[in-house]
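K.L.:
after the sequence you'll find the predicted model.
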Amino acid sequence: ADIRQKEVDFYTNNFWVWGSTSSVIMAGFMFDTLTQEIPEGTNEVLSMVYLAFTSLCLSLDMCVITWTILLCMWGPELALRGTDGMKAFNDSVAFLKSEQSRVYAAFVASVVAYFGSSCTLLWVYPSRNSVNTMGTFLLLFALLMIMYIQCKLDVEIGGWGNIHEEVDGQIKAFSAFDNIADLDTYVALSIPEEAQATSYQKGMYAQTA
């Protein structure tokens, strides 16, 4: 149970970092960008590409923020209050693990869209062509460096999004005990309340009567 709890904490912390820091900051930048009026005479194709990147980044960031909030609530809740005992704990870890790759992919896509929005922003509000060109190359170089470091870390740490598909904290030898019902639930449902030494509240620790 201690190992499984550490896994729940691991995935929850990952979701919390994605949703409460990086995505919130990028969403704030993108929202502020959308409120700025595009100058008259801007090329329509450029305007469409700029708005597409900006809207995509903001939408993905909002998805990441919403998903991570719900996952940080539902995952630990299933592990703590699940009525199936240890099986609920294992299901919670498996659920968080399966959702991490989806959230990670959305986060990475939002970073790419953010750089796309920043590059087109240079040309929507232009100065000298040499300055815009140099700024675009610097942004693309920064994006390539980030993607390179990210891919390198993925390979060294253990796969896409640090998921570790081949590693599982569940002890297979104890799988037979996963089907044992939660003791509080069993006692509360099988023994009359007047015969119990504790009063039962579903999903919570038993409290002394």
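P.N.:
Noted; the coordinates are in hand. Numbers count the residues shown, from 1 in each chain.

K.L.:
give me the low-pLDDT residue ranges for this structure?
P.N.:
Filtered on pLDDT under 70, the chain yields the residue ranges 1, 79, 81-86, 158-209.

K.L.:
count of neighbours near S55?
P.N.:
15 (other C-beta atoms under 10 Å). Every C-beta, even on glycine, is put in place using the N, C-alpha and C of the backbone.

K.L.:
my guess is it meets T33, correct?
P.N.:
No - if you go by C-beta atoms under 8 Å, S55 and T33 don't touch, sitting 10.0 Å apart.

K.L.:
all the helices of this structure, in order from the start?
P.N.:
2-17, 23-34, 44-81, 86-124, 129-157, 183-190 (DSSP state H).

K.L.:
relative to K6, how far out is the nearest residue to W67 once chain neighbours are set aside?
P.N.:
Nearest residue to W67 in three dimensions, chain neighbours excluded: V103, at 5.4 Å (C-beta to C-beta, 6 or more residues apart in numbering). For V103, the distance to K6 equals 20 Å [C-beta to C-beta, to the nearest Å].

K.L.:
which one of those two is surrounded by more residues?
P.N.:
V103 (22 against 11).

K.L.:
show me the contacts for the more buried one.
P.N.:
Residues in contact with V103 (C-beta atoms under 8 Å, 6 or more residues apart in numbering) are F15, W18, V64, W67, T68, L71.
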